[in-house]
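1. Based on what follows, work out the 3D shape:
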Amino acid sequence: MTDPFVTDITIFVLAIFVGYYVVWNVTPALHTPLMSVTNAISGIIVVGAVIAVGSQSGVTMIDGTDDSVFSFSRVLGFFAVMLASVNIFGGFIVTQRMLQMFKKKK
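-> Residues are numbered from 1 along each chain as shown. Next up is the predicted model:
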């Protein structure tokens with residue numbers, strides 16, 4: 001049997017290479033739809049992070065107690081919500097600027 005950690009690292013490294021080649025080999029006309037898809041994926045991450053922040057069962061607490069409000073999954077979920085939100089709003093701003101480049105000037 002293979003160690004699950006090795007499998008996870010292998011998938012992560014392959015995803016890095018695939019993502020790099022997909023982003024850098026796309027034609028300039030398709031960058032706007034690519035940004036929109038990236039924003040949608042970040043939205044899915046926000047949904048998962050909100051679920052992690054709101055979940056209470058089956059988590060390990062940071063301070064070792066069972067009644068703590070700060071669980072490890074809640075802390076990671078909070079940071080995931082914050083970072084993905086910045087990514088989403090920044091992506092929408094960049095997408096809007098890219099779409100303005102295609103408008104005809106009067």
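2. now residue 19: how far from residue 100?
-> 26 Å (CB to CB, to the nearest Å). (Glycine included, C-beta is placed from N, CA and C.)
3. neighbour-wise, which of the two wins?
-> residue 19 (11 against 8; other CB atoms under 10 Å).
4. The more buried one sits in which helix or strand?
-> Under the criterion of DSSP states H and E, residue 19 resides in helix 4-24.
5. can you list contacts of that helix?
-> residue 34 (CB atoms under 8 Å, 6 or more residues apart in numbering).
6. Which strands and helices lie in contact with the helix or strand following it?
-> Sequence-wise, the next helix or strand downstream of helix 4-24 (DSSP H and E) is helix 31-54. Secondary-structure packing of helix 31-54 (3 or more CB pairs under 8 Å, 6 or more residues apart in numbering; DSSP states H and E): helix 72-101.
7. neighbours around residue 45, how many?
-> The burial count for residue 45: 17, using other CB under 10 Å.
8. How much space separates the residue nearest to it when sequence neighbours are not counted from residue 41?
-> Leaving aside its chain neighbours, residue 45 sits nearest to residue 84 (4.5 Å; criterion: CB to CB, 6 or more residues apart in numbering). From residue 84 over to residue 41 the distance is 9 Å, taken as CB to CB.
9. of those two, who's got more company?
-> residue 84 (21 against 14).
10. Only the buried residues of the helix-or-strand element of the chain with minimal mean pLDDT, if you could.
-> Ranked by mean pLDDT, DSSP states H and E, the helix or strand of the chain with the weakest confidence is helix 31-54, at a mean of 79. Going by neighbour count (16 or more other CB atoms under 10 Å), the buried part of helix 31-54 is 32, 35, 38, 39, 42, 45, 46, 49, 52, 53.
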